[in-house]
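J.: Sequence first, predicted coordinates after that:
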Amino acid sequence: MVFDEQAVLDVVREFCRRRRVDAGVRIRVVSNLDAAFDVVALKGPDNRWRSIVARPCGDDFPRSHSDYAMAPAERAAYDHAFRQYDHRNFSCLTKRGRPWWLSHVVVSATQWAQRSELIQAARNDGLGWMVPANKDLLVVPRPTLRCLEDQPGVLHDDDGRMAVEWSDGTGFHFLRGTAFGARLYGRLMSGQLSVDHVAALDDVDQRSIALTYLTFEQLVTKSDARLLNIGAKGTRLYRLRLPTAIARDRVRGYGMYDYFIHMRDASHPEREFIEWVDPKVGVLGDAERCQAHAFGITIDEWMSIEYEG
């Protein structure tokens, strides 16, 4: 994400001037929301911003409205940063004991871009959030966000990078919209987790996602997965008995087993693939039918591919 610091600071300064919250305020950039929260915790919030929506703004209205596809991902990044900071600093307090600014003072550029032409321009130059502290306005650049290719609002990266990466190189790991701590993410991506390790995770979404990242070796040689069928094209169908914790995560009637197929690339035998199978199909015990279902074609169509070309 490119951040034009000078352009953003100029626009934010004008935004504050028009709304009369600029007096005695130093506007400066901090690298992430965590750093901004620390400043507000130390200095206190700028209470003038509690009425920012009602303050006069001159002619600062957007000429057009934009549809920001990444807005859900930005919100998820903010929510996670908020939860992490809240947990580290106020986990021992009741909600009433937490400072009001934690959930009310942060100004989202994406949200305000729908109200202000100035903030719309600043967002286009990389502004993520404004966090008003006493005598300080903290400007936070939008982080680099990595998402699922077909779902731009869902944070995800399984190539070893952070799905949310701030300008100082810190950030958060996500897989399919679920946050993973750096250590857990590293162990999962490097193949250090077993089925039992996954079952021991506290978070139900982490358990569900982590299971799909286990390697063939972890599923077969380090668990009790059982070979059910070898298809005519070499596809192998396995049944994995689920640990109790994971079985409880499934919908009622799902059963105690998951099914997956194992294949090798005919052109590159060293490459192997695992595909998880709908249990309603897996229970039939036909490896090639499971493969056809994974491709979204009939068994006859799948078997005929063998003779094409």
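T.: Sure, I can see it.
J.: Against Leu9, how distant is the nearest residue to Leu145 once chain neighbours are set aside?
T.: Computed as C-beta to C-beta, 6 or more residues apart in numbering, the closest residue to Leu145 that is not its neighbour in sequence is Ala73, at 4.8 Å. The way it works is simple: take the backbone N, C-alpha and C, and place the C-beta from them, glycine included. Per C-beta to C-beta, to the nearest Å, Ala73 is found 25 Å from Leu9.
J.: now do His262
T.: Distance, His262 to Leu9, using C-beta to C-beta: 55 Å.
J.: Check Leu137 too.
T.: Applying C-beta to C-beta, the value for Leu137 to Leu9 is 10 Å.
J.: which residues do those two both contact?
T.: Ile27 (C-beta atoms under 8 Å, 6 or more residues apart in numbering).
J.: if you count what's nearby, which of the two comes out ahead?
T.: Per other C-beta atoms under 10 Å, whichever of Leu137 and Leu9 has more neighbours is Leu137, with 24 against 18.
J.: In contact with the more buried one, which residues?
T.: Contacts of Leu137 were listed using C-beta under 8 Å, 6+ apart, and they are Val12, Cys16, Val25, Arg26, Ile27, Arg28, Asp46, Met130, Val131.
J.: quick one: the strands in the stretch 151-300 of the chain?
T.: In the stretch 151-300 of the chain, the strands defined using DSSP state E, counting those that start in this stretch lie at 151-155, 164-165, 171-175, 178-180, 226-230, 236-241, 257-264, 272-277.
J.: TSV please, covering those and showing distance to Val204.
T.: Listed next are the strands of the stretch 151-300 of the chain as TSV, based on distance: least, C-beta to C-beta, whole Å:
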stretch	distance to Val204
strand 151-155	17
strand 164-165	22
strand 171-175	14
strand 178-180	10
strand 226-230	25
strand 236-241	18
strand 257-264	15
strand 272-277	17
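J.: Please spell out which residues along the helix or strand where the residue nearest to Leu145 lies are buried.
T.: Here Ala73 sits within helix 71-90, counting by DSSP states H and E. Neighbour counts over helix 71-90 (16 or more other C-beta atoms under 10 Å) mark 71-74, 76-78, 80-82, 84-86 as buried.
J.: Include distance to Gln291 and pLDDT when you put those into JSON lines, please.
T.: Output for the buried residues of helix 71-90, formatted as JSON lines (distance: C-beta to C-beta, whole Å; pLDDT from 0 to 100):
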{"residue": "Ala71", "distance to Gln291": "38", "pLDDT": "88"}
{"residue": "Pro72", "distance to Gln291": "34", "pLDDT": "90"}
{"residue": "Ala73", "distance to Gln291": "33", "pLDDT": "93"}
{"residue": "Glu74", "distance to Gln291": "39", "pLDDT": "93"}
{"residue": "Ala76", "distance to Gln291": "34", "pLDDT": "94"}
{"residue": "Ala77", "distance to Gln291": "37", "pLDDT": "94"}
{"residue": "Tyr78", "distance to Gln291": "41", "pLDDT": "92"}
{"residue": "His80", "distance to Gln291": "37", "pLDDT": "93"}
{"residue": "Ala81", "distance to Gln291": "42", "pLDDT": "92"}
{"residue": "Phe82", "distance to Gln291": "44", "pLDDT": "87"}
{"residue": "Gln84", "distance to Gln291": "41", "pLDDT": "88"}
{"residue": "Tyr85", "distance to Gln291": "46", "pLDDT": "86"}
{"residue": "Asp86", "distance to Gln291": "46", "pLDDT": "80"}
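J.: Excluding chain neighbours, give the residue nearest to Leu228 in space.
T.: Sequence neighbours aside, Leu237 is the residue nearest to Leu228 in space, at 4.8 Å (criterion: C-beta to C-beta, 6+ apart).
J.: check contacts around that neighbour.
T.: Leu237 touches 227-231, 259-261, 277, 282, 285-287, 290, counting by C-beta under 8 Å, 6+ apart.
J.: What's opposite it in the beta bridge?
T.: Leu237 forms beta bridges with Asn229, Ile261, as assigned by DSSP bridges.
J.: One more: Leu175?
T.: Legend: beta-bridge partners of Leu175 under DSSP bridges are Thr178.
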